[in-house]
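Engineer: Here is the input, now give the coordinates:
(chains A and B)
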Amino acid sequence: MTSGLGPFTRFFSQTVSDSDRLFWLLNAGGWLSLSVVTYVSLSLPYNQLQFAYIAHNILQSLLGFLLSIPLRQAFKSTWKWGAATRLAIAISLVLIVATVWAIMRLQLLMVIADEADLWDDFGGFLFPSLFVFLAWVALYHLVKYAQLLQSERESLLVLEAGRRQEAFKLVSAESAAREAQLKLLRYQLNPHFLFNTLNSIASLVSAQRSDDAQSMIGELSTFLRFSLESDRNITVPLRDEIEALDLYLRIEQVRFSDRLVVEQKIDPRALPEHVPSLLLQPLVENAIKHAIGRAEAGGKIVVTAKLGHQELALSVEDSGSGQDGGKVEFDDLFESPGFGLRSTVERLENLYGDAFSFNAAPSTLGGLKLALHLPTRGGRRT
Amino acid sequence: MTEPLRVLIVDDEPLALEYMERLLNAVDGIKIVGRCRSGREALLELQKQPVDLMFLDIQMPGLNGLDVVKRCQSDVMPAVVFATAYDEYAVRAFDANAVDYLLKPFEGERVLEAVARAKDRLLSVALQSGKEAAVAAIAGLQGGAELLGSEVQERPTRLPIKDGAHTHLVELESIDWIDAAGDYMCVHAGNETYILRSTMKELEKKLSSEFVRIHRSTIVNLHKVRSVDAIPKGECLLHLDNEVSLKVSRNYRSAVQELMG
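Structural biologist: Okay, here's the model as predicted:
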């Protein structure tokens, strides 16, 4: 950083761009070298070592330096013009500036070195001046084009890096999706649910209620098969989803008997609409766990599906645990792994990007209402 | 022959309750004296009649199985066999404290074994109460707290209970009752039960005069008693707020005598 530098340097480094700094450096260096070359090639061999000649040498470089500033401005402001125009401008400018510089140098020499009239020798002054400024213009353009090439290469590199970043993002998004699938599968095969259901079946068998046991085994198998077979990234018609939910609910109904009341308000028009497979079941399972599973008197769960304008509105609400008066820690709701909502959100993100909404709010039933808005096929982005 | 074992079954799911009852009916030497579908029912039942062995489901609405153990008066607590579908942490704690448990789905053989084990345990006089091992298991699950020494205070109004880095300052007047279970004391205040490593003597020193002994392992805050019922054998039953009932043994009856004037 620039903290150790003086205030001027700091100002300079902060306000002057890199290409500006390079110009001043090269320009000053160039004119200084001209002085050195002049000293070595003219002053020394001709033995003009008096102060006047050395001063003239330095002053003419300074004048050249000053003249090059408007020259740069002119090139800068005409940079975007056509090549022929710019060539014509360059030639005329070199002629003009070289002439001005030649006159100034000549005049300066007459004043400082007290030389006699040198105007007859003007050609001898103009000729090298032309070369000096031609060289200046050539160098200026050389540096400019080198810089351009460099920045183009850099932007290409940036582009390439961006492309690689995109590819990386894609890969990590895919792996996140796969991870969500695994988590969901584990969640679906909730061991509590499985073992409690097996216990219920054992109970039915011991009571010799073989028909009930048989149908419960059938429902459990169908539900497990649906959980294992359904591809998490594939959507199914709401009709199938509700069917899977019914299988699950029939099992829970046997377990909880009179304590569990389920009401479904499904708009028949919504049935053909597609939803992610096994989307509702974890939400209903949550509701059962947090409401019926905690309230001694049991509770009610309401599942609704409505078809709106280019969207499908789904909701799962429950009557609450009756312990905390319906108070729910909303902040924890989507984050805590126990609630299982996080994986649902991840799945929806994978499928719909941000074209969906998923909210939790207190339900009028006393518990929690989870509301989902999904784009219908008509309103989906792909 | 010895008396049959008096057994209570607690499970919120009717099918699971029936199943356990059917399995236990096949076991000799026991008598099912009650079935409860919630933890609260179970606590009331335990005050109503003596129970030797309780089959207790862990996952229940309202008070779960662990809550029932914490809130049950030590002096009426039977031996416990927990029942759970899937609860690896609890199962580990039970194993460590030699508390018996059954996994769902139940198996007849395993139930038989649990009853046999409970009989052995009840015959040996070593076990003070059924609560002892179960509370040790719960303390293993949740971490037992400790009482902070506060000898400097002349007349303490609060009980400092140190739980890890956290210290609860429990107002003495908020404490309903306290019972002992082996190395642990259960301090019941409102809906909270603090399990702490302490002895009855140590704790009694920190309590004010309204706390009196009503049973070998039970102390009650007399200010919290709402009504008193006389029951047979010279015992009586105290009813507190939150539907808590506590048994007073004959030996300690004098302590509550003055309540009745």
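Engineer: Other residues contacting the host helix or strand of A:Leu32?
Structural biologist: Here A:Leu32, judged by DSSP states H and E, is contained in helix A:18-38. Contact partners of helix A:18-38, identified using C-beta atoms under 8 Å, 6 or more residues apart in numbering or on different chains, comprise A:12-13, A:57-58, A:60-62, A:64-65, A:68, A:72, A:132, A:136, A:139, A:143, A:147. C-beta: built from backbone N, CA, C; applies to glycine.
Engineer: Which residues belonging to that helix are considered buried?
Structural biologist: Neighbour-count burial for helix A:18-38 flags A:23, A:27, A:30-31, A:34-35, A:38 (criterion: 16 or more other C-beta atoms under 10 Å in any protein chain shown).
Engineer: immediately after whatever helix or strand B:Gln47 lives in, which helix or strand?
Structural biologist: Using DSSP H and E, B:Gln47 sits in helix B:39-48. Next in sequence after helix B:39-48, counting helices and strands by DSSP H and E, comes strand B:53-57.
Engineer: Wondering if that following strand reaches chain A at all.
Structural biologist: No: shown here: strand B:53-57 not in contact with chain A (C-beta under 8 Å from any C-beta of the partner chain), separated by at least 9.9 Å.
Engineer: Tell me the strands beside that strand, with direction?
Structural biologist: Partner strands and pairing direction for strand B:53-57 (DSSP bridges) are strand B:5-10 (parallel), strand B:79-84 (parallel).
Engineer: any idea which of those scores lowest on pLDDT?
Structural biologist: If you rank the strands paired with strand B:53-57 by mean pLDDT, strand B:79-84 sits at the bottom with a mean of 91.
Engineer: picking up where we left off before, how about the contacts of helix A:18-38, which pair is most distant?
Structural biologist: A:Ser13 and A:Asn57 (31.9 Å; C-beta to C-beta).
Engineer: In terms of helices and strands, where is the residue of chain B found nearest chain A?
Structural biologist: Taking C-beta to the nearest C-beta, chain A has its nearest neighbour within chain B at B:Tyr19, 3.3 Å off. Taking DSSP H and E as the definition, B:Tyr19 sits inside helix B:14-25.
Engineer: So for B:Leu237, what's the nearest residue that isn't a sequence neighbour?
Structural biologist: B:Asp229 (4.4 Å; C-beta to C-beta, 6 or more residues apart in numbering or on different chains).
Engineer: shouldn't the one you found be in contact with B:Lys247?
Structural biologist: No: counting by C-beta atoms under 8 Å, B:Asp229 does not reach B:Lys247; the two are 10.1 Å apart.
Engineer: if I look at those two, which residues touch both of them?
Structural biologist: B:236-237.
Engineer: So which of these two has more stuff around it?
Structural biologist: Between B:Asp229 and B:Lys247, B:Lys247 has the larger neighbour count (other C-beta atoms under 10 Å in any protein chain shown), namely 20 against 12.
Engineer: gap between the more buried one and A:Ser206?
Structural biologist: 36 Å (C-beta to C-beta, to the nearest Å).
Engineer: chain center to the helix or strand harbouring B:Glu132: distance?
Structural biologist: Assigned by DSSP H and E, B:Glu132 belongs to helix B:131-142. Once both centres are worked out by C-alpha atoms, centre = their mean, to the nearest Å, helix B:131-142 turns out to sit 11 Å from its chain's centre.
Engineer: Next secondary structure after that helix?
Structural biologist: strand B:145-147.
Engineer: Run the chain-centre distance for that next one.
Structural biologist: Centroid separation for strand B:145-147 versus its chain: 19 Å, with C-alpha atoms, centre = their mean.
Engineer: Run through who's touching that strand.
Structural biologist: Here strand B:145-147 makes contact (C-beta under 8 Å, 6+ apart) with B:159-164, B:168, B:194-198, B:202-203, B:206.
Engineer: so of the residues you listed, which ones are in helices?
Structural biologist: B:202-203 (DSSP state H).
Engineer: Can you flag the buried ones in the contacts of strand B:145-147?
Structural biologist: Listed as buried from the contacts of strand B:145-147 are B:159-161, B:168, B:194-196, B:198, B:203, B:206; burial here means 16+ other C-beta under 10 Å.
Engineer: Output the residues you listed in a markdown table; the columns should cover pLDDT.
Structural biologist: Putting those into a markdown table (pLDDT from 0 to 100) gives the following:
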| residue | pLDDT |
| --- | --- |
| B:Leu159 | 86 |
| B:Pro160 | 86 |
| B:Ile161 | 87 |
| B:His168 | 87 |
| B:Tyr194 | 90 |
| B:Ile195 | 89 |
| B:Leu196 | 88 |
| B:Ser198 | 87 |
| B:Leu203 | 87 |
| B:Lys206 | 85 |
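Engineer: Just the closest of those to A:Tyr248, please.
Structural biologist: B:Ile195 (37.2 Å).
Engineer: So what sits opposite the closest one in the bridge?
Structural biologist: B:Cys186.
Engineer: domains of the chain?
Structural biologist: This is for chain A. A:15-164, A:230-379 (automatic domain parsing).
Engineer: switch to chain B, that's the one I care about
Structural biologist: As given by automatic domain parsing, the domain ranges for chain B are B:5-142, B:145-260.
Engineer: Point out the most buried one among those domains.
Structural biologist: Highest mean neighbour count among the domains of chain B (mean count of other C-beta atoms under 10 Å in any protein chain shown): domain B:5-142, with a mean of 20.
Engineer: Between its first and last residues, what's the separation in it?
Structural biologist: Distance between the two ends of domain B:5-142: 31 Å, counting by C-alpha to C-alpha, to the nearest Å.
Engineer: Show me how far that domain is from its chain's centre.
Structural biologist: 11 Å.
Engineer: related to what we said a few turns ago, out of the buried residues of helix A:18-38, which comes closest to A:Lys369?
Structural biologist: A:Lys369 lies nearest to A:Phe23 out of those, by C-beta to C-beta, at 67.3 Å.
Engineer: list the contacts for whichever residue of the stretch 201-350 of chain A sits closest to chain B?
Structural biologist: The nearest approach of the stretch 201-350 of chain A to chain B comes at A:Ser203, 3.3 Å away (C-beta to the nearest C-beta). By C-beta under 8 Å, 6+ apart, A:Ser203 lies in contact with B:15-16, B:18-19, B:22.
Engineer: one step back: give the other helices and strands that the next helix or strand after the helix holding A:Leu32 contacts.
Structural biologist: Using DSSP H and E, the next helix or strand after helix A:18-38 towards the C-terminus is helix A:51-77. Applying 3 or more C-beta pairs under 8 Å, 6 or more residues apart in numbering or on different chains; DSSP states H and E, one finds that helix A:51-77 makes contact with helix A:18-38, helix A:83-112, helix A:122-188.
Engineer: next one: whatever helix or strand comes next after the last one to chain centre, how far?
Structural biologist: In this case it means helix A:122-188. In the C-terminal direction, the helix or strand that comes right after helix A:122-188 (DSSP H and E) is helix A:191-206. Using C-alpha atoms, centre = their mean, the mean C-alpha position of helix A:191-206 is found 50 Å from that of the whole chain.
Engineer: Low-confidence bits of the chain, can you list those?
Structural biologist: All of this refers to chain A. Counting by pLDDT under 70, chain A has low-confidence residues at A:1-17, A:173, A:175-189, A:229-233, A:293, A:322-340, A:378-382.
Engineer: oops, chain B please
Structural biologist: For chain B (pLDDT under 70), the answer is B:1, B:98, B:124-129, B:149-155, B:260-261.
Engineer: mind running it again at 50?
Structural biologist: Along chain B, segments meeting pLDDT under 50 span B:1, B:152.
Engineer: Check it and tell me which residue is nearest its centre.
Structural biologist: Closest to where the C-alpha atoms of chain B average out (C-alpha atoms, centre = their mean) is B:Cys72, at 2.9 Å.
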